[in-house]
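>>> okay, sequence plus prediction incoming.
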Amino acid sequence: MATLTGILVDVSGSMEQSIGGRVNEEGGSWARSIFKVIDGLIKHDVSSSNHVFGLGFGASYEPQAFDLLNTIKRAQSASSVNHQLRSQSKERILDDILSILENNGAPRVRKWAKMNVLMSVVKDNEASFILGKLTDGSDFRERFVDTCLPDECKEFKHSFKSYGKESFFFLGGFVPGTQEFATRDAVQEAVDKGIRLAHSCTLVEISSAAVMNVHDASEILHGCIGEEEELTKQRVDELMDTVKPFIYGGTPLIKTMKKSISLFNKPEFQQHHKLLFILSDGQPGDGNNPPLRELSKSGVTIICCYITSQAIEDPRRLYSTASECWDKPAHFMFKMSSTITTQMIPRTIFVKQGWNIDIENNETRLFFQVNHPDIIADVCDLARNVVCCQDSLSDILASVSLDLYINQANQGFGAKRQKGGTCYANASAAVLHLAMKRIIGREGGYPNFFDLRKQMIEKYGEDGANTLRVLKEMCPGYRLHCEKMDLIGALKAVTAKRQVIVRFRLTDPEWDLFSEFYKEHPDGILTKSDLDITQRPYGAEVGGHAVVLTSYNSECLRLMNSWGSDWADGGFFRVRNADILGLDFIDVYWTLNDLKQSEIDAYERQGPSIASQLVSSLQGLQTAMYKCPVCSVESKVVDYKGKLLRVNCPRCNGWFNTNEAGDDLALNMYLTSLTK
């Protein structure tokens, strides 16, 4: 399902005072981390329908709460203009400034500000910066004249409203052409006011325009269009230089959260998953009553990332209850964080990142304490997957046996990538089998994968078949339905724990690139830079293939092939998005009306036991031991490595089959296969 991610980042003075540069190892301000946070939350989205907005709060000018991404865009556009202006001499730039001011309400500015004084007071970068703002077509010119220049520079307006003011100047001895020249201090004061005004005008007010496609947001951050994996240090430095003049002000966190509500409530995002990620030191300057009820009503999940310079005893931990030893800001951020059930937490945190999670109450808060950039990276990884990843724990116990079964069933089936082949039967049989296995206590049992595949091959042959036609003819006999759909529909199906058939077609040279990539990078993610089907010659002959979409996260789609577990990553492969291979999708499903009463009754009896079995398994997974059948030495199950079907002992380095292992080891290897 499509997602809308809101990112609120604290750039206030309290963050500078309490954190300084200690959150960022690479030197410089902690604020450099905010760009990597935003990039980490939006990078590699598999769906172009995903949207994001980034709001900063804590500017040193009004508006203190601002549209961060569009501010960066505006500031960098102005910076480009300034760079061009710097090729001119400072005297030429100052002369252009005076000419613009003369024609916009300050006809006597040259008499007040002499060129020799301006040359000695105004810095080169200040001159080009102000000229850039004066020439950008905004109302900056009028505001500059009104607020930054003394009245001696301005026009006389002969009206009753201005009579008193003009009388004052004449009574004080001021007559046009006779005013005193500006002192160095007076010029410096005008320049300082102009710089502050220019910075204020650069800040973009929060509006509906703050919400943008994730690809557009990535382009703003990276400064280019492309698939560059990470923000470079040079680019982060550029972004920091862009925002540094505006930040370190107050902390209007509550106001900013309220402004986010209208963005989440935009009509076009009513069906989106919604995530609000807050990065702050937890010290709001505008009250202590965040709009949690309103955000909850809008369906928003809140993740709070509490930034602190204090030592953290257990930084990679999610909590069910607040600790008494936390300070007040930590408690505040904890209470703002959403509570989710343990089953909804992505699997990644258990195996790959070593997080400890309080699950005694079968729930936890999405609250993180951060004092190191590595933790921020982990938090971003979790945040991206909490909302947009179907890979939750609720289906682990069922899926592990099914994936093992299907993968073993496909052993010995070689690649048939020609026009013909039986891949249609492999994928269709797998999806039909999995669809029926989701019916607890199904009347008629669960047809064997081999039997389903054999039935299809006997009826439709070994030289290829139209997968959609096969399914339309097969599904009714098993009380199932099938439907062709787009990527969004496929992701919704997978979110509902339905595996989806995927079809794609490649030319022979493209198949060579496809095979070579996964040979060299078995657990890699295929991108457009590896295989670009848009460069395919018009009318080129292609060969089709059918696979199964089993899961997805914010980085990629995960698909199951039919070429055996020795191919790619245990028989599975990953692609960045659907466009890479030109994927199309077929969903196989059943509805409540298709179930018999005995099946409904079976679910009501047995369903709750699955959750308790899950929690029990997870609580013991980190400490469970398993004796290696090769060396007979016990090791923790989490220390075993290998693939889905083959396990490597940490003690003797020997290999053995997963189906020889216990449930805990099989579960650990399954989790590992999902989180590479």
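On my side now, so go ahead.
>>> and the strands in the stretch 201-350 of the chain?
212-213, 273-280, 300-307, 317-318, 339-341 (DSSP state E, counting those that start in this stretch).
>>> tell me which of those strands lies nearest to residue 482.
strand 273-280 (25.6 Å; Cβ to Cβ). Heads up, the C-betas are built off the backbone N, CA and C, glycines and all.
>>> okay, now the sheet partners of the closest one, with direction.
If you go by DSSP bridges, strand 273-280 pairs up with strand 3-10 (parallel), strand 300-307 (parallel).
>>> okay, those strands, which one's buried deepest?
Comparing the strands paired with strand 273-280 by mean neighbour count (mean count of other Cβ atoms under 10 Å), strand 3-10 ranks first with a mean of 26.
>>> may I have that one as CSV, with CA atoms only?
Only the C-alpha atoms of strand 3-10 are listed here, as CSV (Å, rounded to 0.1, in the frame of the first residue of the first chain):
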residue,chain,number,x,y,z
THR,A,3,2.6,5.5,2.2
LEU,A,4,2.8,9.1,3.3
THR,A,5,5.7,9.8,5.5
GLY,A,6,6.0,13.1,7.5
ILE,A,7,9.4,13.9,8.9
LEU,A,8,9.8,16.6,11.6
VAL,A,9,13.3,17.6,12.5
ASP,A,10,14.4,19.8,15.4
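>>> just so I know, which of the strands of the stretch 201-350 of the chain lies nearest residue 559?
Closest among these, using Cβ to Cβ: strand 273-280, at 21.9 Å.
>>> tell me the mean pLDDT for that closest one?
On average, the pLDDT along strand 273-280 is 90.
>>> ok, stretch 247-254 next?
In the prediction, stretch 247-254 has an average pLDDT of 90.
>>> for stretch 297-306, same thing?
Rounded mean pLDDT across stretch 297-306 is 91.
>>> which residues touch residue 278?
8, 253, 257, 302-305, 333, 336 (Cβ atoms under 8 Å, 6 or more residues apart in numbering).
>>> I'd like the next helix or strand past the helix or strand where residue 468 lies.
According to DSSP states H and E, residue 468 maps onto helix 467-474. In the C-terminal direction, the helix or strand that comes right after helix 467-474 (DSSP H and E) is strand 481-485.
>>> elements contacting that following strand?
If you count contacts as 3 or more Cβ pairs under 8 Å, 6 or more residues apart in numbering; DSSP states H and E, strand 481-485 packs onto helix 467-474, strand 584-589.
>>> pairing partners for that strand, with directions?
strand 584-589 (antiparallel).
>>> give me the buried positions along the strand it pairs with.
If you call a residue buried by 16 or more other Cβ atoms under 10 Å, then strand 584-589 has these buried ones: 584-589.
>>> what do you get for stretch 181-189?
In stretch 181-189, counting by 16+ other Cβ under 10 Å, buried: 182, 186-187.
>>> so which of the strands of the stretch 201-350 of the chain comes closest to residue 70?
Taking Cβ to Cβ, strand 212-213 is the member of the strands of the stretch 201-350 of the chain nearest to residue 70, at 8.2 Å.
>>> and the closest one, which strands flank it?
Applying DSSP bridges, strand 212-213 is found paired with strand 51-57 (antiparallel).
>>> and the partner strand, how far out from the chain middle?
12 Å (Cα atoms, centre = their mean, to the nearest Å).
>>> helix or strand right after that strand?
As assigned by DSSP H and E, the chain's next helix or strand after strand 51-57 is strand 65-67.
>>> that next one - contacts with which helices or strands?
Going by 3+ Cβ pairs under 8 Å, 6+ apart, strand 65-67 lies up against strand 51-57, helix 253-264.
>>> other residues contacting that strand?
Against strand 65-67 from outside (Cβ under 8 Å, 6+ apart): 53-57, 59, 203-207, 209-210, 246, 252, 255-256, 259.
>>> now that strand: how far from the chain's centre is it?
The answer for strand 65-67 is 19 Å, by Cα atoms, centre = their mean.
>>> parallel or antiparallel, list what pairs with that strand.
Sheet pairing for strand 65-67, using DSSP bridges, gives strand 51-57 (antiparallel).
>>> for residue 633, state which of the buried residues of strand 584-589 is nearest.
Here the nearest of the buried residues of strand 584-589 to residue 633, counting by Cβ to Cβ, is residue 588; it sits at 44.5 Å.
>>> state the distance from the closest one to residue 70.
43 Å (Cβ to Cβ, to the nearest Å).
>>> likewise for residue 437?
On the measure of Cβ to Cβ, residue 437 and residue 70 end up 48 Å apart.
>>> who's more crowded, these two?
Neighbour count, other Cβ atoms under 10 Å: between residue 437 and residue 70, residue 70 has more, with 21 against 16.
>>> quick check: closest non-adjacent residue to that one.
residue 204 (4.2 Å; Cβ to Cβ, 6 or more residues apart in numbering).
>>> OK, contacts around that neighbour?
Counting by Cβ under 8 Å, 6+ apart, residue 204 makes contact with 66-67, 70-71, 74, 210.
>>> quick one: pLDDT of it?
Looking at residue 204, its pLDDT is 92.
>>> go on, residue 81?
Predicted confidence (pLDDT) for residue 81: 65.
>>> returning to that earlier point: out of the buried residues of stretch 181-189, which are inside helices?
Judged by DSSP state H, helices contain the following of those: 186-187.
>>> quick check, nearest of the buried residues of stretch 181-189 to residue 555?
For those, the nearest to residue 555 is residue 187 (54.0 Å; Cβ to Cβ).
>>> need the contact list for the closest one.
Here residue 187 is in contact with 113, 117-118, 121-122 (Cβ under 8 Å, 6+ apart).
>>> hmm, back to that, out of the buried residues of strand 584-589, which one sits closest to residue 311?
residue 585 (48.8 Å).
>>> which residue ranges of the stretch 351-500 of the chain form helices?
373-388, 396-409, 423-437, 449-460, 467-474, 487-495 (DSSP state H, counting those that start in this stretch).
>>> which one of these has the lowest average pLDDT?
Ranked by mean pLDDT, these end with helix 396-409 at the bottom, a mean of 41.
>>> spell out which helix or strand contains residue 547, please.
Assigned by DSSP H and E, residue 547 falls in strand 543-552.
>>> could you point out which element follows that strand?
Criterion used, DSSP H and E; the element after strand 543-552 is strand 557-560.
>>> output that next one in PDB with nothing but the alpha carbons.
What follows is strand 557-560 as a C-alpha-only set of coordinates in PDB (Å, rounded to 0.1, in the frame of the first residue of the first chain):
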ATOM      1  CA  LEU A 557      10.600  -6.500  -4.000                       C
ATOM      2  CA  ARG A 558      11.500 -10.000  -2.900                       C
ATOM      3  CA  LEU A 559      10.500 -12.800  -5.300                       C
ATOM      4  CA  MET A 560      10.700 -16.600  -5.300                       C
END
